[in-house]
Structure formats: C-alpha cells, structure tokens
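Participant: Next input, structure requested:
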Amino acid sequence: MNAPATRSQEPETHRRFMARSYHRNMARMTLKGTMATIAVFLTLLIVVVLGAKPSNDRIAPLILLASVVVAVCALGVRHRDKTVFERQLRLQAAADAVRDDRLMLTEHLHDLVSHRLAAITLQASSCLLIDGSDTRAALKAIEADSRAATQEMRTLLTALRQSHREMPSPPRSLRDVCTQAQAAGLEVITTQTTFFHHQEVENLLASVVQEALANVARHAGRTRVHVHVSRKRDSIHPIVRNEAPMQKWKGSPGSGIGLALLQKRCASLGGRVEAGHRPDGFCVDVLLPDPEGNR
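Facilitator: Numbers count the residues shown, from 1 in each chain. Okay, here's the model as predicted:
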C-alpha cells in the first residue's frame, strides 16, 4: 500500500527543471546578443578614433569589416540557438501533454476498475476461507460488481472516443462509498463529526476513503474498518484505520498507484496524505484544507 512520494512529484520536478533550462538558454542567447552589440559599438568607436588620422585610413575599414563579420556570426549563432531551443520547447510541450493524458487515463482507470476488482476478490476469497459462507449471496455480489465495472469501462471508452465529452467521474458520496464497501464484505464503522464548506473537498474525501477501503479489501480481507471524519481548524481530517487482517488471508501486492494519485489530488488542494502500518493494522491519515468562504 505504501506509495512512493516521488511518483506524484515527478511531473512538478520535471516542470521546474524545464523552467530552469529555459532561463539558462535565454540568458545565453541574451549574452551572445549583448556581446555582438558591444563588439559593433567598440569597433565603431575604434574606427572613429583611428579614422581621424590619415595614416590609419586603410586599417579602419579592415577593422570595421572584421567587426561586422564577428557581429553577424554572433547574431547568426544566437538565432540558431533560439530556433533549436524553441523547437525543443515545442517537442517538450507535446511530450508533457501526452504524459498528462496518460496520467489522467491511469487515474480514471484506477478509479473505475480497481475498486470493483478488489470487491470481487474479497467476495470470492471469503467464500473459500470462511466455512458456511453464503456462496449464492457472494456470487450475486460478484455479478453486480462485474456488471458495474463493465458499464463503467464502457462509459470511459465512449468518452475517450468522443473528445467533446467529459471524462466520467466515480461516485463521490461518502455514504455510497461506505455502503459499497460493506456490500463487498467489510465491516465499516463511520464517525463524522463535521460538515464540508466546499463540494470539491467532499468529493476528494470520498475518493480518499474509497481508495483506503479498497486497499483494506486487497491486503486485509474481510475485517473491521474505522472511518473517522473530523475537523482541525480550517481543515477536514479523515482517518481510515483497519484492524488486523482476517485469518489465512493472503494480501495481493500493491503498485502504490492509488495512494500516489491521492497524494497528487490532495496536494492540488494544499492537503497531505500519510499512510503506514500501525501495531493493530494500517492507517491512512489525511488533512484537507476546507476554510469557510471561497477558496
């Protein structure tokens, strides 16, 4: 479950690197242009000084010609560097756009599919591990999640084919997320002692809890999970903590993509995500700014 923080920081680090590269190249081109201007100015000054003496009539034109050649070469090199650098910027902008699209697609695929698959895995594995479990009820739940995942994937693919359509968003209700997790087999105990000032914070909170519950289903199986939502001054403070994994449960290894995406989303609103093992399970601790009034 642990997600490396560097993954969510890579795009921002790359942008800072490109900004520094841009300023360095602009400084070099400015320096070359300044040197060319100084060369022409000094040459004209020398020509004016030497040209006042009859004995220097032949030297002054040669100096003027040489300085003009130097200036033209310097300006030509500056123009070439500028053209090359602008082309590099265009190529980099295209690469950034492709990377952003891939990150967005990864985020939507994870939201629409990964959570459903975790629920299906939990239902199927529980039937194998728990004696006397209701196999028919588990199959019904697996069927429902499979159909829902198929429909959500179809909606996503349709949106990708039609560029004018917005990307679909998963349910953002905290109650719906907890109800879905309970239907999958988790025992979710929810305590909410505050309300939200901004809808985007409430939506993000539901995403955080959904990811945390899906991770519990993957790594701990059918166990008890405590979801506590409170307020710290101007911030929402959700904590999702699960108890010990069910007996004989074999957790599937995670890629860390889900938590890395959550770190990115929370950081975009000025929040933070902390996740780690506790003596009695695993805990996801989040802080989301939610001040009163306009953001």
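
Participant: only C-alpha atoms for contact and neighbour calcs from this point on.
Facilitator: OK.

Participant: so which helix or strand takes in the residue nearest to Asn242 when sequence neighbours are not counted?
Facilitator: Spatial nearest neighbour of Asn242, excluding adjacent residues (C-alpha to C-alpha, 6 or more residues apart in numbering): Val225 at 4.2 Å. Assessed by DSSP states H and E, Val225 sits inside strand 224-232.

Participant: Quick one: list the elements packing against that strand.
Facilitator: Here strand 224-232 touches strand 187-192, helix 199-219, strand 235-242, going by 3 or more C-alpha pairs under 8 Å, 6 or more residues apart in numbering; DSSP states H and E.

Participant: just to revisit the earlier point, quick one: neighbours of the residue nearest to Asn242, just the number.
Facilitator: 26 (other C-alpha atoms under 10 Å).

Participant: Report the contact partners of the residue nearest to Pro289 when sequence neighbours are not counted.
Facilitator: Closest residue to Pro289 apart from its sequence neighbours, by C-alpha to C-alpha, 6+ apart: Ser235 at 4.1 Å. Listed by C-alpha atoms under 8 Å, 6 or more residues apart in numbering, the contact set of Ser235 reads Leu287, Leu288, Pro289, Asp290, Pro291.

Participant: how about a cut-off of 10 Å?
Facilitator: For Ser235, the contacting residues are Phe196, His197, Val201, Gly271, Val286, Leu287, Leu288, Pro289, Asp290, Pro291, Glu292, by C-alpha atoms under 10 Å, 6 or more residues apart in numbering.

Participant: Quick check, the fourth one in contact with Val208.
Facilitator: No: counting by C-alpha atoms under 10 Å, Gly271 sits too far from Val208 to count as a contact (11.7 Å).

Participant: So which of the two has more stuff around it?
Facilitator: A count of neighbours by other C-alpha under 10 Å puts Val208 above the other of Gly271 and Val208, at 28 against 18.

Participant: Identify the residue spatially nearest to the more buried one, adjacent ones excluded.
Facilitator: Closest residue in space to Val208, ignoring its immediate chain neighbours: Leu262 at 6.5 Å, by C-alpha to C-alpha, 6+ apart.

Participant: Tell me how many other residues crowd the one you found.
Facilitator: Other residues close to Leu262 by other C-alpha under 10 Å number 23.

Participant: does it really touch Ser207, like I thought?
Facilitator: Yes: in this structure, Leu262 is within contact of Ser207 by C-alpha under 10 Å, at 7.8 Å.
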